[in-house]
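S.K.: Sequence first, then the predicted structure:
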Amino acid sequence: MAKDDRSPSQDEHQVVSFRSGRPVAQPTVAGPTPVEDLAKFRAKESPEEYRHRMTVNVVAFAFIAVLIGGGLWLANTMAEIRKNQDCVSSGRRNCVPIEYSRER
């Protein structure tokens, strides 16, 4: 029977067994590697580039810190508003706590 003569239903029910428990041997490379050394492509870093990279890192850290702080503030505010809405929806009064100032 030629490969083209088989119907699709014959190919659907093939079982492939996978062997496990045996370590797979890693292929070894014989001879020189395709790229001998990448160090010749590395440029020397000047102090200005290092300073610029550190400045960008500090700005990115500050931006992420502001995003996290804003997200926490927003989540806290939403939880407080939800709590107050649940209190009002249940028919209670005086749900919002009164903050007293000690400046007298």
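M.R.: Cool, got the structure.
S.K.: Name the helix or strand of this protein that has the lowest mean pLDDT.
M.R.: helix 8-12 (a mean of 61; mean pLDDT, DSSP states H and E).
S.K.: on contacts alone, who are the packing partners of the following helix or strand past that one?
M.R.: Downstream of helix 8-12, the first helix or strand assigned by DSSP states H and E is helix 47-89. With contacts taken as 3 or more C-beta pairs under 8 Å, 6 or more residues apart in numbering; DSSP states H and E, helix 47-89 sits against no other helix or strand. Glycine gets a C-beta too; all of them are placed from N, C-alpha and C.
S.K.: how close does the residue nearest to the spatial centre of the chain get to residue 78?
M.R.: Against the mean C-alpha coordinate of the chain, by C-alpha atoms, centre = their mean, the closest residue is residue 64 at 13.9 Å. Plainly put, residue 64 is 21 Å away from residue 78 if you go by C-beta to C-beta, to the nearest Å.
S.K.: that older thread, how far away is the residue nearest to the centre of the chain from residue 57?
M.R.: If you go by C-beta to C-beta, the gap between residue 64 and residue 57 works out to 11 Å.
S.K.: likewise residue 98?
M.R.: To residue 57, residue 98 is 45 Å away according to C-beta to C-beta.
S.K.: need the contact list for residue 89.
M.R.: With contact set as C-beta atoms under 8 Å, 6 or more residues apart in numbering, residue 89 has no partners.
S.K.: Then residue 88?
M.R.: residue 95.
S.K.: do the one 3 residues further on as well
M.R.: Taking C-beta under 8 Å, 6+ apart as the criterion, residue 91 is in contact with no other residue.
S.K.: This completes my enquiry, with thanks.
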